[in-house]
Structures are given as C-alpha cells and as structure tokens.
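1. I'd like to go over a predicted model; first the sequence, then the structure.
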Amino acid sequence: MMDPISNNLFHQPSPILALPAEIHQLIFSYLDYTALRQCALTCRRWTPSVQYILFRSARVSSSTAAHNFARTLRESPALRTRVLELTICGKLRDAVQPWICGKIDPIALLPGTTLLPRLRTLRLEFWDRVHFTAKFWTHLARLKTVVALHLRCCHFQSSTHIEDLVFAFPRLESLALDAVRWSGDRDRVFARREQYNDRKLELRKLYICNPYEYAPVFQWLIAHRCVNVRHLELVRFDVFNIRSAAAYVTMLGPVLESLTFGIYLPAACDPSARRLDLTQNTSLRSLSLQIYDVDGHSVRWVNSVLVSAIELPLARVALALTLDNGKTLWRGAWNAIHGALTAYWRPTLREVQFTHHAVPGFLKDVGPVFAERFPELVKREVMSVVVDTQDA
C-alpha cells in the first residue's frame, strides 16, 4: 500500500502546468506543426495555447485543409480573432507541380472577411498562372485589415495581377516578392492598369528576393511614388538587376533606415556594376550584407558598399556568409573589409554581427575564427557571432 507522502507526490500537479498561458505560448512558438499537435494531445490545459500558436500563423496547403480551416472558424468564433497571418501554399511537400493553378477557384481557398476580422499578413506561395475573376478581387478587397502581402514562387499570367493584388489592400505597408514571375518578364515588360495611375504605394517595408528581370518593377515602384520605404531587403540579386536596384536605393535617400543586400556578382563583370552608393541614405542605421561567395574578387563589392557608407551613422553592420575554412578571412579583399569594420563608425557603431550558415563539410565552430580575425571588435565588445544550422 502506498504511503500518504508518496501518494501526495504522485498526484502533485507538474509545475509547468502552473505557468501563465503567455509563457506556454512563448515556449510553443518554437515548435513545428507536428510537435504542436502532439502537445495538444498530451495535455488539455495546453490546447488553448497550442491553438493560439496554430491559428495565429495559420497555413493551408490543400483544398481539404482550406475547407477544414474555414469550417473550424465558422464553428469556433473565438478562434477567428486569433488569426493574424494566413499562408495559402499551392504545392504539396513532395509534389513537382503546384495544385493551385489554371482555372482553380481561389475564392474557395480564402475564408470570408467575417472569419478573418484581424488578419494582418497574407502569404501566397506556389500559385501558378491562376485565372483570377472579378469576383475574386471583390472578395479579396473585403480583407481591409491586411497590411502585409508576401508572394513567394508565384507565376502570374500578367503583371497586372501583381498590381491588382497590391492595390486590393489600401492599408498595405509591407510587400515581399520572392522568386515571383509573370508572363513577359523576360522581355522586361511590366504591364500596368490605367485605373491605378494615381494610386500611391505607402510601403514601409519592401523585400525582393531571387528576382528575374526586375528593372520594370523598380520603375513601377517609382511611378507609384513608393518613396517612403524605411526597411529594404534586396537579396540574391544578380548583375542584371543591380543597376535598377541601386538607382532605387539612391532615390529613397534619407528615408531609408535599414538595408539588407546580397548579390551574385562574377569577379569578371564590369566593375561599375558593383557599385551600390549609399551616400544619399543619410539616416541609414542598419546595414546587412549577404555574401554568397567568400573567396577572392567575389567579395570586393562588400568593401565598396562599406566605403560608400563611411559618413553614415551606422549603429549595426551584419555580414552573413558560409565560412569554408579558417584561412578565408585572411585572403584578398577580406583585408579591406577588416579595415573598414575596425576603423569606421566608431562613434555610432554598437554591433557587428557575423552569421555563419553552417552546411555539411564546412566549419562548425567559427566563433574563435572571427575573434582571431577581428580582435579589435572583440576588445570594443561590439562583435557577435551567430551560427545558423538550419541547412546543416
């Protein structure tokens, strides 16, 4: 027979159950979808916190999932206000072709405005040349709370569909275009609708990644007076898009506060194409550069960008790269980068962050390597090193 003391200990609730719901939600926010479902099945008290995380950033990747998601919102009104982000993905994990394509009715994938009263961010991924109807645009325009639109790996029949998506949300502040294509992009054609000629884009955040022929996109942004962007990310660019991107950065002038930039630039290309001039961006406080090739002449563009920012009040500089061996940082153009990071912005600089994207076969423990190469930054206590192991 169990003694009373042991019996008491056995039935004593776990301390973790006494934690506030906010702490549970913070812990669960680090878990993936599968782990979250397991937590919900493990303990009833965790279910509300798990639902909060799952519905705060909801994701549907099939017509069945979209139907079930809408039905859940109809049957559980309390969950409707928790949906702040919604991703509609048109590609299953192991599929080759997107299932959201052609004449599929996109209205069936997007719940009505009464079911999404607090939706802030809408993400569309892997939509392939969908036939949009006037009814869909009317349905979309009812989502008046959306302030951020993210398009990823989408291929549109016309650039006017991109325009329709952007102007469907009058309160739009953030726009992301990640590997987005449209018919005619190779010919550098970005068709526009006359009805939007007088519309102004009041974006505060702009993210463009993996562009194709995007010179017309920057022209379109300028035409709609998109000149108040404070946070700009231009990553995985190539030499064919750098000139138009650089012109747009210059045009933003003192409005721009943070910039993230990364370019695939062959060492043999025209040196003038390397230039990203930041001298006009006099309010720039944060500069992040993504380096895709760490060897030799391929990193010279990094120093040219840093030199153009000498007179700016930078408080943070970040370099993201994959370090193959410890000797790389002592080669070629890295000497100039070292000189810039250790000599410039002494009155304002508060952080220099190196992010190492660890991949199999490359270095893992890079903290000592950066510390040895940049002892001046270590002494000033401004250097930090982050190791990203997602791809490892």
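-> Sure thing, it's come through.

2. where do the helices sit along the stretch 1-150 of the chain?
-> According to DSSP state H, counting those that start in this stretch, the stretch 1-150 of the chain carries its helices in the segments 4-11, 21-28, 33-42, 47-56, 63-75, 77-80, 134-141.

3. err, the stretch 251-392 of the chain, not the other one
-> Along the stretch 251-392 of the chain, counting by DSSP H, counting those that start in this stretch, helices occupy 300-308, 334-343, 367-373, 375-379.

4. tell me the mean pLDDT over the helix or strand where Pro216 lies?
-> Taking DSSP states H and E as the definition, Pro216 sits inside helix 215-223. When the per-residue pLDDT values of helix 215-223 are averaged, the result is 91.

5. so where's the stretch 1-150 of the chain uncertain?
-> 1-22, 24-25, 28-30, 33, 45 (pLDDT under 70).

6. at 80 instead, please
-> Regions of the stretch 1-150 of the chain meeting the criterion pLDDT under 80 cover residues 1-54, 93-96.

7. And the helix holding Pro216, what's buried?
-> Residues of helix 215-223 classed as buried by neighbour count (16 or more other C-beta atoms under 10 Å): Ala215, Pro216, Val217, Phe218, Gln219, Trp220, Leu221. C-beta: built from backbone N, CA, C; applies to glycine.

8. closest to Asp293 among the residues you listed?
-> Within the set of those, Ala215 lies nearest Asp293; the separation is 23.6 Å, counting by C-beta to C-beta.

9. Quick check: pLDDT value at the nearest residue to that closest one once chain neighbours are set aside.
-> Leaving aside its chain neighbours, Ala215 sits nearest to Ser244 (4.0 Å; criterion: C-beta to C-beta, 6 or more residues apart in numbering). The predicted structure scores Ser244 at 89 on the pLDDT scale.

10. so which strand or helix has Ser244?
-> In this structure, Ser244 is located in helix 242-252 according to DSSP H and E.

11. With distance to Ser63 added, can I get the buried residues of helix 215-223 in a markdown table?
-> Listed next are these as a markdown table, based on distance: C-beta to C-beta, whole Å:
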| residue | distance to Ser63 |
| --- | --- |
| Ala215 | 37 |
| Pro216 | 34 |
| Val217 | 31 |
| Phe218 | 36 |
| Gln219 | 37 |
| Trp220 | 33 |
| Leu221 | 34 |
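
12. From what I see, Tyr212 and Trp182 are in contact.
-> No: applying C-beta atoms under 8 Å as the test, Tyr212 and Trp182 come out as separate, 9.0 Å apart.

13. With neighbour numbers in mind, choose between those two.
-> Neighbours were tallied for Tyr212 and for Trp182 using other C-beta atoms under 10 Å; the higher tally belongs to Trp182 (23 against 15).

14. Give the bridge partners for that one, please.
-> Under DSSP bridges, the beta-bridge partners of Trp182 are Phe156.

15. Now do the contacts for it.
-> With contacts taken as C-beta atoms under 8 Å, 6 or more residues apart in numbering, Trp182 has the following neighbours: His155, Phe156, Gln157, Ser158, Ser159, His161, Ile162, Phe190.
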